[in-house]
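sequence isn't available, so here's the structure alone:
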């Protein structure tokens, strides 16, 4: 039985209890959410070395960090250093998106070192291997693809991105839409190419039952990818995007019938005035399935600062119901992220998730801010640092510019409002 | 006649035409806004060396950067270097908040070098001078304060922050509220101290007409300060804050009657789910007067990253009607900002303002993103850099990690979705 089937049978598993404890909910709340599909626990049944990760309704917003090689940058040590940094700064999951080098080997090494949830996009490996085996990426067969998916399941991958909603029908709708950026998803663009060259529909859609069988075997979560996610503000919330979302909604129903857990992937580049609406339409069309969003970036003009553009969109998204944020680093649109970029990306994403959690009333969220404010009122600096998202940076900033009076900081010095008011108002 | 009086008399001035041109509106639109109080042009009538700055309804969101010494850090060269950086990265106004050294001299030097709008908080100088003259900050008299305000007007300061809504009545409400952080505004906390020690009400409130006379003489904008702005999420939108806002609304009416332009200052630390409401209540209670917000910071736990926490709040605020954003740097709560902190703060604030402008439909905003996306689709890298908020950083990122294929980047390398789709979908 998968955990979804167990939940429906009324069984509360050890995993459900662990997630309940971590989230401050009752085990029954978690069981019911899993039975409904509004909560997932993403952990491959072979990957028992990590803690189960709960994602969904009423739970704290989780964050994912992407790492991995590209053909231009193959350096496993650097990727492992990124893994260490992203774990230190509080990412809940890591996706290995490697497309360069021995992808299987890289993934297995990352999994061995990782203490957190792992996601992948199997089509990258399938395409790269097709090139080696058959001379071209595009010669990838459906069997190639499903063989790699099975391999990822066997290896213990917890969730896989599968762009099942990229169909000839949605491509037709895309052509009629007249987007500026067309398709910006790597997996999505590869499938477009594949469908056009082969004049055949996407095997992830036509052979969805085969996919469900594999997912079921390993209790592996399907992250239904949004190959049509907008890559420009001007393309946001268009018919191509919503067409794919409709298909993903149907595929959610089918996964649930098979006892397979799913989450839905979402945009992308979205103006502020469309963020909340995007969260709500997903929840409606996919019947409350957890929503995993990339960004959203709220402007296109800030390469070098897209951790900030996506922290804005991500915070608003989380507040409006997104359950899982994929980080975006300052390197987005420019290069493969460095170790520093990874740290900046994770921290920005954590800030967004936490700010969203406060707004949607997640248990234990505002309590952290209240405690911080109490320590701030007491000018208890060491106590404040302990609660910071990045204690090292906060401490280094203060140490770099020591005040003459020990209890204040150099911004206001003896004009410190907190100090003044502590002395007079409450005297 | 002040420009507000001219606008009411139906006169379209050269200044109004300049602002109209810069904003893509008709001169009549600007004139009507100034007559109504929903738009201000902030420029002291002696400060003709700078371009007039329009702030308010239908105009692009402006950003301000604070600089200035504290008693712990008095280094005019550094402050002038900050001025250069903040101007380069697009701040529309700079506030000199100096509290250390010869404050008058520092201000006049900054004004001489500045090509943009200048704001100040005169009470800082008045308090510091009282200490020198009378042995203690708190011995500042009302005449000391108004003499300094007059001096700022004479020097050509364009807008001054005056905490006129901090009254004995609002302090009483504060005490009853039971806040965690009480007062975090420097000027506000000083006035609390002053009122408690002197057992007298705030001279900026009791002698508001005297203030209006000075403002009128120099056509200097009053930025009605929010001494009660919340300094903790837990304190946001409480009775103390709204009590002060009510008073500021009344003072707005009185300023308008006198032909004096005002803007209102706003929070502070505010959870995401209260940001929009805070913008709307200000617009209602102050009859559409422009709103100048600090942050808002959407969480308290990220010292070192408060440019990000406030970019989130600032973007949402701008989208919901805020007209003017005061930047927050990574140094907030920790130290006086460095030159790098100033750059980071200005850029984060610009991103927030622009993202807000897209959402509220400001003329010319989304057009920048559309042009960026068109260049991105063509993989026209140099063209993209030109449109970036920080072309230098974007270029340096790409240059630090050169792809093997010239047209892509090292993130996806030959898996570049844009390249794939350009070749297949539109072939």
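Noted; the coordinates are in hand. What you see is a predicted model; the values in this text were computed from it and never measured. Residues are numbered from 1 along each chain as shown, chains lettered A, B, ... in the order given.

can we go C-alpha only for contacts and neighbour counts from here?
Will do.

how close does the residue nearest to residue A:92 when sequence neighbours are not counted get to residue A:327?
Counting by C-alpha to C-alpha, 6 or more residues apart in numbering or on different chains, residue A:63 is the residue found nearest to residue A:92 once chain neighbours are left out, at 5.5 Å. From residue A:63 over to residue A:327 the distance is 7 Å, taken as C-alpha to C-alpha, to the nearest Å.

the two: which has the busier surroundings?
For residue A:63 versus residue A:327, neighbours defined as other C-alpha atoms under 10 Å in any protein chain shown are more numerous around residue A:327 (29 against 24).

hang on, isn't the more buried one packed against residue A:64?
Yes - checked against C-alpha atoms under 8 Å, the pair residue A:327 and residue A:64 is within contact range at 5.9 Å.

that older thread, shared neighbours of residue A:63 and residue A:327, anything?
Residues touching both residue A:63 and residue A:327 by C-alpha atoms under 8 Å, 6 or more residues apart in numbering or on different chains: A:346, A:349.

in the stretch 251-400 of chain A, which residue sits nearest chain B?
Sorted by distance to chain B under C-alpha to the nearest C-alpha, the residues of the stretch 251-400 of chain A start with residue A:336, at 3.9 Å.

phi first, then psi, for that residue.
phi -60, psi 130 (degrees, to the nearest 10).

what packs against the one helix or strand residue A:419 maps to?
Assigned by DSSP states H and E, residue A:419 belongs to helix A:417-424. Packing partners of helix A:417-424 (3 or more C-alpha pairs under 8 Å, 6 or more residues apart in numbering or on different chains; DSSP states H and E): helix B:186-198.

the helix or strand that the helix it packs on is followed by: which residues count as buried?
Remark: after helix B:186-198, the chain's next helix or strand is helix B:203-206, criterion DSSP H and E. Residues B:203-205 are the ones in helix B:203-206 that count as buried (16 or more other C-alpha atoms under 10 Å in any protein chain shown).

repeat that for stretch A:159-170.
Within stretch A:159-170, the residues that count as buried by 16+ other C-alpha under 10 Å are A:159-168, A:170.

ok, what's across the strand from the residue nearest to residue A:92?
Per DSSP bridges, the residues bridged to residue A:63 are residue A:325.

from chain B, how far out is it?
To chain B, residue A:63 is 16 Å away according to C-alpha to the nearest C-alpha, to the nearest Å.

mind pulling the model confidence for that residue?
Residue A:63 is assigned a predicted lDDT (pLDDT) of 98.

residue A:229 should be in a helix, yeah?
No - the assignment for residue A:229, made by DSSP: H, G, I helix; E, B strand; the rest coil, is coil rather than a helix.

quick one, phi psi at it?
Residue A:229 adopts backbone torsions of phi -60, psi 140, taken as degrees, to the nearest 10.

okay if I get the buried residues of stretch A:159-170 as a markdown table plus distance to chain B, secondary structure and pLDDT?
Output for these, formatted as a markdown table (distance: C-alpha to the nearest C-alpha, whole Å; DSSP: H, G, I helix; E, B strand; the rest coil; pLDDT from 0 to 100):
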| residue | distance to chain B | secondary structure | pLDDT |
| --- | --- | --- | --- |
| A:159 | 21 | strand | 98 |
| A:160 | 19 | strand | 98 |
| A:161 | 16 | strand | 98 |
| A:162 | 16 | strand | 98 |
| A:163 | 14 | coil | 98 |
| A:164 | 17 | coil | 98 |
| A:165 | 17 | coil | 97 |
| A:166 | 13 | coil | 96 |
| A:167 | 13 | coil | 96 |
| A:168 | 11 | helix | 94 |
| A:170 | 12 | helix | 88 |
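
and those, which two are the farthest apart?
With C-alpha to C-alpha as the measure, no two of the buried residues of stretch A:159-170 lie farther apart than A:159 and A:168, at 25.2 Å.

quick check: domain ranges of chain A?
In the domain annotation for chain A, the residue ranges read A:37-360, A:365-426 (automatic domain parsing).

for residue B:351, which of these is the nearest?
Closest to residue B:351 of the domains of chain A is domain A:37-360 (C-alpha to C-alpha; 7.1 Å).

next one: that closest one to chain centre, how far?
Centroid separation for domain A:37-360 versus its chain: 7 Å, with C-alpha atoms, centre = their mean, to the nearest Å.

whichever strand or helix holds residue A:342: what's the following helix or strand?
In this assignment (DSSP H and E), residue A:342 forms part of helix A:339-360. Counting by DSSP H and E, the next helix or strand C-terminal to helix A:339-360 is helix A:365-377.

angle of that next one against helix A:339-360?
110 degrees (axes from the mean of the first three to the mean of the last three C-alpha atoms, to 10 degrees).

ok, residues contacting helix A:365-377?
Applying C-alpha under 8 Å, 6+ apart, the external contacts of helix A:365-377 come out as A:354, A:357-358, A:381, A:383-384, A:387, A:418, B:180-181, B:232-234, B:299-301.

what comes up buried for that helix?
Neighbour counts over helix A:365-377 (16+ other C-alpha under 10 Å) mark A:365-366, A:368-377 as buried.

what's downstream of that helix, the next helix or strand?
By DSSP H and E, the next helix or strand past helix A:365-377 is helix A:381-387.

and that next one with chain B, contact?
Yes - legend: contact between helix A:381-387 and chain B by C-alpha under 8 Å from any C-alpha of the partner chain is shown at residue A:387.

buried set for that helix?
Using 16+ other C-alpha under 10 Å as the burial criterion, the residues of helix A:381-387 that qualify are A:381, A:384-385, A:387.
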